[in-house]
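Q: following is a predicted model, sequence given first.
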Amino acid sequence: AQNIHFDFAWRTFKWISESDKMAAVHCVIISFSQNYHGQKFIFDGDKKIPAENINAYLIDGENVFLEHRTKPICKVPEMRNGNVLADDRNLIIEADDYDYFILREPAAKKYIKRLIGAEEFINGKERYCLWLVDCSDEEISKMPLVAERVEAVREYRARSSYRNLTRAPHLFRDLHNPKSFLVVPVISSENRRYIPIGYFDSKDIIVSNAVQIIPDATVYHFGVLTSSVHMAWTRAVCGRLEMRYRYSKDIVYNNFPWCRASGEQRARIERSAQKILDVLAEFPDWTLAKLYDEKTMPEKLRLAHAENDAAVMAAYGFAADLSEPEIVAELMARYKALTTPPNLTVDEMFLPLTLKAREVLAIISRWKYYHFGILTSSVHMAWTRTVCGRLKSDYRYSKDIVYNNYPFPSASVEARWKIERTAEKILSVRAEHAGENLAKLYGAEMPDDLRLAHAENDAAVRAAYGFPADLSEEEIVAALLEMYRALAH
């Protein structure tokens, strides 16, 4: 249905049932309609807030929908997922076992590194891992306890979805080991004003996929990410596990609109961020859980964060008294400005280099996935099935016949932009199934999220061609052949 809007919304609250086990669920309440034109309200706890427009994030602001992105929308260092071990815990050495393991296998000590996940990072738990990147098979064979663990990894992977990793059972699935990096936990408590973020400068620390990292990030990036501005954004758009924050690089970080700080503003943020790090260093025996607990947070740390918040707010040009919902509304407006292309037609792409044409070229330079989106669509697949050669019943794709004769659409900038986004989503979903090979992903058991991503891309490509959604494959091919004849002549 068209023109549906929210009349009022009650933000997330905890509802506890009256059963003996006191089961709890987390709820929102939303009223929506097509014809209501009265005052809209957002309820947040005991607050009743008048609103002009309630968007999908239950914020009074523009209608904005964040998409999965594999790259940041701003020019900042990329965030990576931590390492997937895929080891059934055989490459992990618990703190209680460390001394005994070294005593029995002293040669393994140089291959043991500290392992950091969310639990270890926030609560100070000690855990170690075997990092055998530079360890040869011959060396492993000389360390029986290590060899035993490596063989256990091989057996686990052979019977799991990680069968393709059995050739290197001594290694994690991922091998990220930068020298300096920021750490952001994937899951953290909703009761903290600030998500604990860490800055590390050591190759002796290995991170698990319970955290995400930003290699080569600076103290400036730390300052912006640990600020109240970024925390407001995170609370509004992140996923949730119960009520806990679930930080996703593809949603939270890659869509975050960074400020365009002047040299002076950047220096101010660097100073305030360093002050936070200096204060944290004064409490070496405290865990981050205790340091960032609202009840136990040291006053020095609270003041350091307040100083950093003020520096980041100033860099964004935000008033000091701007509320958190107002901050999020401003950020969403900036996100929309960064991700929405000008309303230009494809003909305007071939104008002389006027200012408008330069704007178009700037947009085109950001397209990375458009051609992938076209070629992986049902439209191109229909063409391929019709004109390709065959090897028995298998498709034989020829660049000279299939690709070079294929009529790409004369798509508008808006249509191309949509395909760019849907194509990127396919790649993002495939990355989430990195343990599966393409034969399985595109077989009879194709994951639902990948199937839906392809359906969205198919719809975007059909729209770019101007094809109705219900056009059959035969009709699609007939239309493509007509386009080919017109182009060839």
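A: Looks like it came in fine.
Q: which SSE is immediately downstream of the lowest-mean-pLDDT helix or strand in the chain?
A: One helix or strand of the chain scores below all others by mean pLDDT, DSSP states H and E: helix 355-364, with a mean of 43. Sequence order places helix 370-375 as the next helix or strand after helix 355-364, per DSSP states H and E.
Q: and that following helix, what does it pack against?
A: helix 413-432, helix 448-465 (3 or more Cβ pairs under 8 Å, 6 or more residues apart in numbering; DSSP states H and E). C-beta here means a position set from N, CA and C on the backbone, and glycine is covered the same way.
Q: out of those helices, nearest to V133?
A: The closest of the helices and strands packed on helix 370-375 to V133 is helix 413-432. By Cβ to Cβ, the value is 22.1 Å.
Q: now the angle from that closest one to helix 448-465?
A: If you take axes from the mean of the first three to the mean of the last three Cα atoms, to 10 degrees, helix 413-432 sits at 160 degrees to helix 448-465.
Q: who are the packing partners of helix 413-432?
A: Partner elements for helix 413-432 (3+ Cβ pairs under 8 Å, 6+ apart): helix 355-364, helix 370-375, helix 448-465.
Q: pLDDT (mean, whole number) over the shortest one?
A: Taken as a whole, helix 370-375 has an average pLDDT of 91.
Q: same question, stretch 474-481
A: For stretch 474-481, mean pLDDT rounds to 92.
Q: please apply the same query to stretch 446-464.
A: 92.
Q: same deal with stretch 239-246?
A: The model assigns stretch 239-246 a mean pLDDT of 85.
Q: so how far is that stretch from its chain's centroid?
A: From the chain centre to the centre of stretch 239-246 is a distance of 15 Å (Cα atoms, centre = their mean, to the nearest Å).
Q: endpoint to endpoint, that stretch covers what distance?
A: End-to-end span of stretch 239-246 (Cα to Cα, to the nearest Å): 5 Å.
Q: can you pull up the most central residue in this protein?
A: D250 (1.6 Å; Cα atoms, centre = their mean).
Q: doesn't I73 make contact with it?
A: No - counting by Cβ atoms under 8 Å, D250 sits too far from I73 to count as a contact (11.4 Å).
Q: any chance of the helices and strands packed on helix 413-432 in CSV, with mean neighbour count and distance to V207 too?
A: Listed next are the helices and strands packed on helix 413-432 as CSV, based on neighbours: other Cβ atoms under 10 Å; distance: least, Cβ to Cβ, whole Å:
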stretch, mean neighbour count, distance to V207
helix 355-364, 13, 35
helix 370-375, 20, 30
helix 448-465, 18, 25
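Q: minimum distance to H68: which of the helices and strands packed on helix 370-375 has it?
A: helix 413-432 (4.4 Å).
Q: so how far is the helix or strand just after the closest one off the chain centroid?
A: Counting by DSSP H and E, the next helix or strand C-terminal to helix 413-432 is helix 438-441. Between the centre of helix 438-441 and the centre of its chain there are 23 Å (Cα atoms, centre = their mean).
Q: hang on, the earlier thing: and the helices and strands packed on helix 370-375 as CSV, adding distance to I16?
A: Output for the helices and strands packed on helix 370-375, formatted as CSV (distance: least, Cβ to Cβ, whole Å):
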stretch, distance to I16
helix 413-432, 33
helix 448-465, 32
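Q: which among those helices is found nearest to A382?
A: Here helix 448-465 is closest among the helices and strands packed on helix 370-375 (Cβ to Cβ), at 10.2 Å.
Q: and that closest one, what other elements does it pack with?
A: helix 370-375, helix 378-387, helix 413-432.
Q: what are the boundaries of the helices in the stretch 201-350 of the chain?
A: For the stretch 201-350 of the chain, the helices defined by DSSP state H, counting those that start in this stretch cover 219-225, 228-237, 263-281, 288-291, 299-316, 324-339.
Q: contacting residues around the first one?
A: When you say that, I think you mean helix 219-225. 76-77, 182, 184, 197, 199, 214, 230, 258-259, 261, 266, 269-270, 272-274, 276-277, 308, 311-312, 315 (Cβ atoms under 8 Å, 6 or more residues apart in numbering).
Q: if you set the cut-off to 7 Å instead, what comes out?
A: 76-77, 182, 197, 199, 214, 230, 258, 266, 269-270, 272-274, 308, 312 (Cβ atoms under 7 Å, 6 or more residues apart in numbering).
Q: ok, now the last one?
A: Contacting residues not belonging to helix 324-339 are listed as 59-62, 64, 73, 229, 232-233, 236, 255, 257, 318 [Cβ under 7 Å, 6+ apart].
Q: mind putting these into CSV with distance to G45?
A: Below are the contacts of helix 324-339 laid out as CSV (distance: Cβ to Cβ, whole Å):
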residue, distance to G45
I59, 16
D60, 16
G61, 20
E62, 24
V64, 24
I73, 32
V229, 22
A232, 16
W233, 20
A236, 16
N255, 27
P257, 27
F318, 23
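Q: those: which two are farthest apart?
A: So, these by Cβ to Cβ: farthest apart are D60 and I73, at 22.8 Å.
Q: what sits against the residue nearest to F41 when sequence neighbours are not counted?
A: Excluding its sequence neighbours, the residue lying closest to F41 (Cβ to Cβ, 6 or more residues apart in numbering) is F8, at 4.5 Å. Residues in contact with F8 (Cβ under 7 Å, 6+ apart) are S31, K40, F41, F43.
Q: distance of the residue nearest to E105 when sequence neighbours are not counted relative to F8?
A: Nearest residue to E105, sequence neighbours excluded (Cβ to Cβ, 6+ apart): L145, at 4.4 Å. For L145, the distance to F8 equals 62 Å [Cβ to Cβ, to the nearest Å].
Q: of the helices of the stretch 201-350 of the chain, which is nearest E190?
A: Per Cβ to Cβ, nearest to E190 of the helices of the stretch 201-350 of the chain: helix 228-237, 7.9 Å.
Q: quick revisit: any chance of CSV for the helices and strands packed on helix 448-465, columns distance to R104?
A: Output for the helices and strands packed on helix 448-465, formatted as CSV (distance: least, Cβ to Cβ, whole Å):
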stretch, distance to R104
helix 370-375, 51
helix 378-387, 57
helix 413-432, 39
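Q: partner strands of the top strand by length along the chain and their direction?
A: Longest strand in the chain, counting residues (DSSP state E): strand 5-16. Here strand 5-16 has these sheet partners by DSSP bridges: strand 24-33 (antiparallel), strand 40-44 (parallel).
Q: out of the ones you listed, deepest packed?
A: Counting by mean count of other Cβ atoms under 10 Å, strand 40-44 has the highest mean neighbour count of the strands paired with strand 5-16, with a mean of 17.
Q: could you point out which element follows that one?
A: strand 47-51.
Q: pLDDT of that following strand, averaged?
A: On average, strand 47-51 scores 85.
Q: then stretch 397-405?
A: On average, stretch 397-405 scores 90.
Q: ditto for stretch 110-124
A: Mean predicted confidence for stretch 110-124 is 95.
Q: contact partners of that stretch?
A: 92-93, 125, 127-132, 135, 183, 185-188, 196, 198, 204-208, 210-211, 287-289.
Q: just the buried subset of the residues you listed, written out for ChimeraX, thanks.
A: Per 16 or more other Cβ atoms under 10 Å, the buried members of those correspond to this ChimeraX selection:
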select :92,93,127,128,129,130,131,132,135,183,185,186,187,188,196,198,205,206,207,208,210,211,288,289
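Q: hang on, the earlier thing: tell me how far the longest strand of the chain lies from the chain's centre.
A: 26 Å.
Q: many thanks, have a good one.
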